[in-house]
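Engineer: quick one, what's the 3D model for this:
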Amino acid sequence: MKPVRTLIVDDSASMRATLKRMLSADPEIEVVGMAPEPYAARDMIKALNPDVLTLDVEMPGMDGLSFLERIMRLRPMPVVMCSTLTARGAQVTIEALRLGAVDYVTKPSGTPEDIERDAELLCEKVKAAARSVARAGPQRLPMQPKGSAGARGDTLIAIGSSTGGVEALFSILPSMPEDSPPILVVQHMPATFTRSFAERLNSECRVQVVEATNGAAVQPGTVYIAPGGLMHMELSGGARGHIKLRPGDPVGGHRPAVDVLFRSVAPLGPSVVGVILTGMGADGATGLLAMRQAGARTLAQSRETCVVWGMPRAAKEAGAVEKEVGLSAMPEAILKACRAETSKVGSV
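Structural biologist: This next block holds a predicted model:
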């Protein structure tokens, strides 16, 4: 197996050296070059043809976002963004993921143990990016008409996503009608990022998008993004109940976990639609299976349209998926599932 040829782009010489040391420690990764700014990176991409780019979000000359937008328009390739855990870093990283970056890592810092953990995560994400499908930003999908979820007043939608999920959600949610059933979303993301993510999505959507808060009443026409980091998100009190944020250990390495959300809505049976989108790993597979066994409709993003076909694959192999749907058809399929009777799910 050939090593993943990686180009590092960062304006800090010390950070370039740190990233090179981390990546070079993995025998499955080869650092083929390092660039201090985007113009040098442009020439090195042409000369070296790397498999993956790691890109600093903020650099002099041409900023990382402008460079990323140009890359994804002219030569789509897997890009992993290097960000800081600040409000500004969160906003820029969310925009980078919307534009088509595969994933992001936070810049290494802290104790030796922290840096070792950062190194493992960086290598994992670079190798996953090499296996991903690069895409030039979200699709502009047709607006679904008001009333397309049907007349039932007790329906709810639960969505889980990870790598590639930001771009997928920026494709799906702006297409949803303003009277959509409530939508609960777990997207794997750090605590400092989810509020910026919700605010950026809200600016694009007819539905209202908010970062979920404990005790918030679940209302139609609203999307609730699980806050990252410290709590799991559950539904309590039925389809028109409220959000419950609870502490707990990571489940499958994730907090919040898709599985926790899905298991909490499974008792709603045919009143809930479960959707598993692009992402690494297997989070959501067992929860989606519980939903299906309880009579819920369950959809998974198709392999061809996933950035990383990990979570949908695990759900499919577990027998949790009734139908695989391409990204461009997902909004219509979700709303059709909201209208469907349990016996008609297979026709979604």
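Engineer: check contacts around Tyr224.
Structural biologist: Contacts for Tyr224 (C-beta atoms under 8 Å, 6 or more residues apart in numbering) come out as 182-185, 210-212, 216, 218, 233, 243. From N, CA and C alone the C-beta is placed, and that goes for glycine too.
Engineer: one more time with 6 Å, if that's ok
Structural biologist: Taking C-beta atoms under 6 Å, 6 or more residues apart in numbering, we find Tyr224 in contact with 184, 212, 243.
Engineer: just want the most central residue of the chain.
Structural biologist: By C-alpha atoms, centre = their mean, the mean C-alpha position of the chain lies nearest to Gly165, the distance being 2.4 Å.
Engineer: any idea how far Ser175 is from it?
Structural biologist: In this view, Gly165 and Ser175 are 16 Å apart by C-beta to C-beta, to the nearest Å.
Engineer: repeat that for Thr84.
Structural biologist: In this structure, Thr84 and Ser175 are 32 Å apart, going by C-beta to C-beta.
Engineer: how about Met280?
Structural biologist: Going from Met280 to Ser175 by C-beta to C-beta gives 25 Å.
Engineer: before we move on, what about Ile243?
Structural biologist: Distance from Ile243 to Ser175, by C-beta to C-beta: 24 Å.
Engineer: before we move on, what about Lys316?
Structural biologist: Using C-beta to C-beta, we find Lys316 at a distance of 24 Å from Ser175.
Engineer: which one of those two has more residues nearby?
Structural biologist: Higher neighbour count among Lys316 and Ser175: Ser175, with 22 against 17, using other C-beta atoms under 10 Å.
Engineer: I'd say that one and Glu332 touch.
Structural biologist: No - counting by C-beta atoms under 6 Å, Ser175 sits too far from Glu332 to count as a contact (8.2 Å).
Engineer: hmm, back to that, could the contacts of Tyr224 go into CSV alongside neighbour count and secondary structure?
Structural biologist: Shown next, in CSV, are the contacts of Tyr224 (neighbours: other C-beta atoms under 10 Å; DSSP: H, G, I helix; E, B strand; the rest coil):
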residue, neighbour count, secondary structure
Leu184, 25, strand
Ala212, 25, coil
Ile243, 22, strand
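Engineer: restricting to C-alpha, output stretch 274-294 in CSV.
Structural biologist: Output of stretch 274-294 as CSV, limited to C-alpha atoms (Å, rounded to 0.1, in the frame of the first residue of the first chain):
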residue,chain,number,x,y,z
GLY,A,274,-34.0,8.5,11.2
VAL,A,275,-31.2,9.6,8.8
ILE,A,276,-27.6,8.6,8.9
LEU,A,277,-25.2,10.7,6.8
THR,A,278,-21.6,10.6,5.8
GLY,A,279,-19.0,10.0,8.5
MET,A,280,-16.1,7.8,9.8
GLY,A,281,-16.8,5.0,12.1
ALA,A,282,-20.0,3.3,13.2
ASP,A,283,-21.8,5.8,15.5
GLY,A,284,-25.5,5.6,15.0
ALA,A,285,-25.7,2.1,13.6
THR,A,286,-27.1,0.4,16.8
GLY,A,287,-29.4,3.4,17.5
LEU,A,288,-30.8,3.4,14.0
LEU,A,289,-31.4,-0.3,14.2
ALA,A,290,-33.4,0.2,17.4
MET,A,291,-35.4,2.8,15.6
ARG,A,292,-36.1,0.5,12.7
GLN,A,293,-37.1,-2.3,14.9
ALA,A,294,-39.6,0.0,16.6
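Engineer: now it: average pLDDT?
Structural biologist: Average pLDDT, stretch 274-294: 97.
Engineer: closest to Ala266 among the contacts of Tyr224?
Structural biologist: Leu184 (12.6 Å; C-beta to C-beta).
Engineer: domain assignment for this structure?
Structural biologist: Here the domain parsing of the chain from automatic domain parsing is 4-130, 156-347.
Engineer: where among those is average confidence lowest?
Structural biologist: The bottom spot among these, by mean pLDDT, belongs to domain 4-130, with a mean of 90.
Engineer: can you give the contact residues for stretch 295-305?
Structural biologist: Residues from elsewhere that reach stretch 295-305 (C-beta under 6 Å, 6+ apart): 269-270, 272-278, 288, 291-292, 309, 312, 315-316, 320-327, 333, 337, 342, 345.
Engineer: need the buried ones from those residues selected in PyMOL.
Structural biologist: This is how PyMOL selects the buried members of the contacts of stretch 295-305, with burial counted by 16 or more other C-beta atoms under 10 Å:
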select buried, resi 270+272+273+274+275+276+277+278+288+291+292+309+312+315+316+320+321+322+324+325+327+333+337+345
